[in-house]
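Next comes the sequence, and after it the predicted model I'd like to discuss.
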2 protein chains.
Amino acid sequence: MRLFAEKGYQATSIAEIAREAEANTGSVYFFFPTKQQLLIAVLEQYCDGIDPMLLQPAWANISDPIERIFALLERYRSFLIETECRYGCPIGILALELHEPDPQVREKMAANFAQWTTAVERCLQEARARLPETANLRDLATFVLTTMEGGVMQARTYRDPETFDASIRVLKNYFSLLLRPLPTGEPQ
Amino acid sequence: MRLFAEKGYQATSIAEIAREAEANTGSVYFFFPTKQQLLIAVLEQYCDGIDPMLLQPAWANISDPIERIFALLERYRSFLIETECRYGCPIGILALELHEPDPQVREKMAANFAQWTTAVERCLQEARARLPETANLRDLATFVLTTMEGGVMQARTYRDPETFDASIRVLKNYFSLLLRPLPTGEPQ
DNA sequence: GTCTATACCCTGATAGAC
DNA sequence: GTCTATCAGGGTATAGAC
């Protein structure tokens, strides 16, 4: 998982995976008959990890659903900062790197995106009453992922978080235009 | 250029480039001492092509600066449709594929993004009077690129233009909230 | 289940005739 | 400038002893 995330699929060799796992290539092939099967297993791990490894830490002390969306995006900002902007979303890297992926691989990548988007959509549903009746929550959730992926890509390319931050600022401004005050009358 | 765009950098071999160019690998190395130098030349070609190959065709019959932004995005939608959603922005693919790029390579990729963003920013400046005084036009232009890149990435992964379209719909809604009517009083 | 050894192929890059 | 031939190294995957 770590090597695919850091270097991508093609640039990671089985020999390197074995070395990092302190095993031999023969042992790797005992568990995974091909490199692609190993990739599929990694993609399944990512999907299974979205909730416990990504959402739960991001949302530990936050209950407001809209704040949760921006806390999730803030996690990605942390990934950028921690890596001096070398970070790229692992799924995004694979999605652009693999050009004619096996259908099974492509579906696993799509499942990762879909699960992420659905988690954001649930936040939006919780905030339903504060959003315009006409707002399409699935579109809006898709757009949050779009913003994250596009922002991370640019920040990585410039090796500077500024374009990511700019994207989040604009998204925040959009949300501030969409949201009406809380039913209790509190300011946003 | 075509092979790097379709298959990425690592998955394209010099032998394949030579074959498609109806030349021999020896001849390729006469012009480009390394594969990386060839990549740099391709990135320069992309930068030089943004105006004549991308913006001019997209804007041929459109003068309204805001419409121009969405016409540019519509071009990317065409690329998706023409390729049955196998399209990926060539710069975006390279930006996520190359993990420790040579500084010269990274700067060329960043220059491509910057030039694209600046073209959008100029459209926004033309529409300055219709936008809120507080709007940061550079941020907004960055956000348009973010939307394109994130939308293309998802559409390619799902092999379906819907997530791209959803992203554009939401961006349009945002712009409709930002824009005030034209000074002449025409509706938007 | 794990190990060493290796088959077989493709890669980027080079040599040197023409 | 272009050609053929090839080097040296690395890739995925396999074979077979233990």
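It's in. Numbers count the residues shown, from 1 in each chain, chains lettered A, B, ... in the order given.

What's the local residue count around the closest residue to DNA strand C within chain A?
Using C-beta to the nearest atom of the strand, the closest approach of chain A to DNA strand C is made by A:G26 at 2.5 Å. Glycine gets a C-beta too; all of them are placed from N, C-alpha and C. Look at A:G26: counted by other C-beta atoms under 10 Å in any protein chain shown, it has 8 neighbours.

before we move on, what about A:S27?
Neighbour count of A:S27, defined by other C-beta under 10 Å: 11.

Pull the contacting residues for it.
Going by C-beta atoms under 8 Å, 6 or more residues apart in numbering or on different chains, A:S27 touches A:A18.

ok so, going back, mind checking pLDDT for the residue of chain A closest to DNA strand C?
Note for A:G26: predicted pLDDT of 96.

That one is in what secondary structure piece?
helix A:25-31 (DSSP states H and E).

The helix or strand just after that helix vs DNA strand D: in contact?
Scanning forward in sequence from helix A:25-31 by DSSP H and E, the next helix or strand is helix A:35-49. Yes: using C-beta under 7 Å from any atom of the strand, helix A:35-49 reaches DNA strand D at A:K35, A:Q36.

helices or strands next to helix A:35-49 in the packing?
helix A:14-20, helix A:90-97, helix A:103-126 (3 or more C-beta pairs under 8 Å, 6 or more residues apart in numbering or on different chains; DSSP states H and E).

that older thread, how distant is the helix holding A:G26 from the center of its chain?
Counting by C-alpha atoms, centre = their mean, to the nearest Å, helix A:25-31 is centred 30 Å from the centre of its parent chain.

And the pLDDT for the closest residue to A:L72 other than its chain neighbours?
Spatial nearest neighbour of A:L72, excluding adjacent residues (C-beta to C-beta, 6 or more residues apart in numbering or on different chains): A:A58 at 4.9 Å. pLDDT recorded at A:A58 is 98.

go on, the one 10 residues further on?
pLDDT, the model's per-residue confidence, is 98 for A:R68.

surely it meets A:A60?
No: in this structure A:R68 lies outside contact range of A:A60 using C-beta atoms under 8 Å: 10.4 Å.

for the residue nearest the centre of chain A, what are its contacts?
Residue closest to the mean C-alpha point of chain A, counted by C-alpha atoms, centre = their mean, is A:C89 at 5.8 Å. Residues near A:C89 by C-beta under 8 Å, 6+ apart: A:Y76, A:M148, A:E149, A:V152.

For A:G92, see how far away the third one is.
Distance, A:E149 to A:G92, by C-beta to C-beta, to the nearest Å: 5 Å.

ok, back up a step: and DNA strand D, is the helix holding A:G26 touching that?
Yes: using C-beta under 7 Å from any atom of the strand, we find that helix A:25-31 touches DNA strand D at A:T25, A:G26, A:Y29.
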